[in-house]
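Asker: Need coordinates for the below:
(one chain, ligands or ions: 2)
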Amino acid sequence: MALKNEYLKGVYGSLEEKSGHEPEFLQAVREVLESLEPVVERRPELEKNGIIERLVEPERTVMFRVPWVDDSGKVWVNRGYRVQFNSAIGPYKGGLRLHPSVNLSIIKFLGFEQVFKNSLTTLPIGGGKGGSDFDPKGKSDGEIMRFCQSFMTELCRHIGPATDVPAGDIGVGGREIGYLFGQYKRLRNEYSGVLTGKGLTYGGSLARTEATGYGLCYFADEMLKAAGRSFVGANVVISGSGNVAIYANQKATALGAKVIAMSDSNGYIVDEKGIDYKVMKEIKEVRRERIKTYLNYVSTAKYVEGCKGIWTVPCDVALPCATQNELDEEGAKALVQNGCFAVAEGANMPSTPEAVAIFQSAGLLFAPAKAANAGGVATSALEMSQNSQRLSWTFEEVDAKLHGIMVSIYQNASKAAEEYGKPGDLVAGANIAGFLKVADAMLAQGIV
Ligand code: NDP
Ligand code: 2IT
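Answerer: Ligands and ions are numbered 1, 2, ... in the order given. As a prediction, the model looks like this:
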């Protein structure tokens, strides 16, 4: 889609000039600006106050050296990042990603998305993201610990419970958060809620581990119900086999669906009998093995090499839960041809713009990431509340709040889509609803 509004065209054009080497960041910005056309036309004060120019420029970007020593005594250096994108509605909040593909473009796209997502949660959190090109695969616990300690030795200067509160993302789970927390506490001599996704013995929240996957299914369930559909009896394909994918499997199954395929970056498994999330948890969380080993536990499953082929498995509902741009035009066409009727994004920006256009023109129900996967960060904000109160809520309390939040995100996105002339378009609705709260807070706070 071409941008028509002159103001937005101008802002995007100059960003393209400055950030032409940041394709993922430009992709994320473009999608949001396309949605905001009717908003800036209705509200001229946004242009007068330079809201969009300010929104696409991070408040602060930190890049740093992360030296660490491997088990043989050799020294390695990785690059660390923290992009503090927008603090208009609360302290910066967003995950840390450890993956060899990490670069500034990827961290900026994730931080930009996080601003709108966090606004949609209805909770007071700004947007940020960080990480490193460190590859945790095949590293020993000692190597992971030393990397995390070195990373935090620099990061600790820039974060704090009222400033910036990181959490997990790809390659960062409970183990890594523990090492990061321990080092922050030691360096700052301070016991605080500076990270979320913590272990339950040191300030973590019940249900945070499950939250993104559960929240994704709660959101998808609302979307399906509004269209007279449901998870009951549906065949579901989930890409990825990490934190988001595992608990999406558990919740989709509990809601009556059958999860017939899951993947990792090497390949995918199919089991028409349904994939057991408990086996997947053991393989991925405890043993840290590849998905292929599922066949050693369950004889009805089949393994196919290569991860992209997962979209050719016929299904009713697809939940991409691995990484950005994993579902392209070809994958989208295969899903549509095989009769898939709904796609809900658990990963951040997993569908390419071409794939989204295919889903929308074929009339599929489509739940965009910043709305559908907001349950993880929403529960992180609930963890922050519990830490501030020095209390912990039960699993049921947190889960009930998460469910309520996902229902309101669905309602707010649907309502915004309708109000701005795009009924049923949750991409536009989520972008607009997320934007309005941030823009109003920025307007109220002056030119900062
Ligand atoms: P994990 O590290 O737990 O799992 C990541 C999964 O995605 C693994 O199965 C991994 O396979 C696969 N994957 C990662 N990179 C690639 C790649 N380049 N190509 C193919 N497959 C890949 O991460 P999460 O489950 O936490 O995160 C998954 C997605 O969800 C990400 O987009 C993340 O930003 C998003 N997200 C996460 C939230 C959270 O709370 N954790 C919250 C909201 C969104 P392999 O093991 O082979 O690398
Ligand atoms: O993309 C995301 O929303 C996350 N990785 C979770 C961030 C958080 O702060 O819990």
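Asker: And the residue nearest the centre of this structure?
Answerer: Geometric centre of the chain, nearest residue: Asn348, 4.3 Å, by Cα atoms, centre = their mean.
Asker: burial of Gly142, as a residue count?
Answerer: Neighbour count of Gly142, defined by other Cβ atoms under 10 Å: 11. The C-beta positions use only the backbone N, C-alpha and C, and glycine is treated the same way.
Asker: which ones are touching the residue nearest to the centre of the chain?
Answerer: Going by Cβ atoms under 8 Å, 6 or more residues apart in numbering, Asn348 touches 109-110, 113, 323-324, 369-370, 373.
Asker: at 6 Å instead, please
Answerer: Shown in contact with Asn348 (Cβ atoms under 6 Å, 6 or more residues apart in numbering): 110, 113, 369.
Asker: can you pull out the strands in the stretch 101-250 of the chain?
Answerer: Residue ranges of the strands in the stretch 101-250 of the chain, as given by DSSP state E, counting those that start in this stretch, are 127-132, 164-168, 235-239.
Asker: Revised request: answer the last question for the stretch 301-448 of the chain.
Answerer: 302-305, 317-320, 342-344, 365-367.
Asker: Which one of those lies nearest to Glu22?
Answerer: Closest to Glu22 of the strands of the stretch 301-448 of the chain, according to Cβ to Cβ: strand 317-320, at 22.3 Å.
Asker: right, is the closest one up against ligand 2?
Answerer: No. Strand 317-320 does not reach ligand 2 (Cβ under 6 Å from any ligand atom); its nearest approach is 13.7 Å.
Asker: in its sheet, what does that strand sit against?
Answerer: Looking at strand 317-320 with DSSP bridges, its partner strands are strand 235-239 (parallel), strand 342-344 (parallel).
Asker: In a markdown table, list those along with mean neighbour count and distance to Ala167.
Answerer: As requested, those are exported to a markdown table (neighbours: other Cβ atoms under 10 Å; distance: least, Cβ to Cβ, whole Å):
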| stretch | mean neighbour count | distance to Ala167 |
| --- | --- | --- |
| strand 235-239 | 26 | 22 |
| strand 342-344 | 27 | 21 |
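Asker: can you tell me which helix in this protein is longest?
Answerer: helix 395-419 (DSSP state H).
Asker: Which strands or helices does that helix pack on?
Answerer: The contact analysis (3 or more Cβ pairs under 6 Å, 6 or more residues apart in numbering; DSSP states H and E) places helix 395-419 against helix 208-226, helix 375-389, helix 426-444.
Asker: quick one: pLDDT of the closest residue to ligand 1 within the chain?
Answerer: Closest residue of the chain to ligand 1, Cβ to the nearest ligand atom: Gly242 (1.8 Å). Gly242 is assigned a predicted lDDT (pLDDT) of 98.
Asker: Now the closest residue to it other than its chain neighbours, what are its backbone angles?
Answerer: Spatially, and ignoring its direct neighbours in sequence, Gly242 is nearest to Lys284 (6.5 Å; Cβ to Cβ, 6 or more residues apart in numbering). Main-chain dihedrals, Lys284, degrees, to the nearest 10: phi -90, psi -40.
Asker: who are the neighbours in contact with Val39?
Answerer: The contact partners of Val39, by Cβ under 6 Å, 6+ apart, come to Ile432.
Asker: mind running it again at 10 Å?
Answerer: With contact set as Cβ atoms under 10 Å, 6 or more residues apart in numbering, Val39 has these partners: 5, 8, 46, 51-52, 416, 419-420, 428, 431-432, 435-436, 439.
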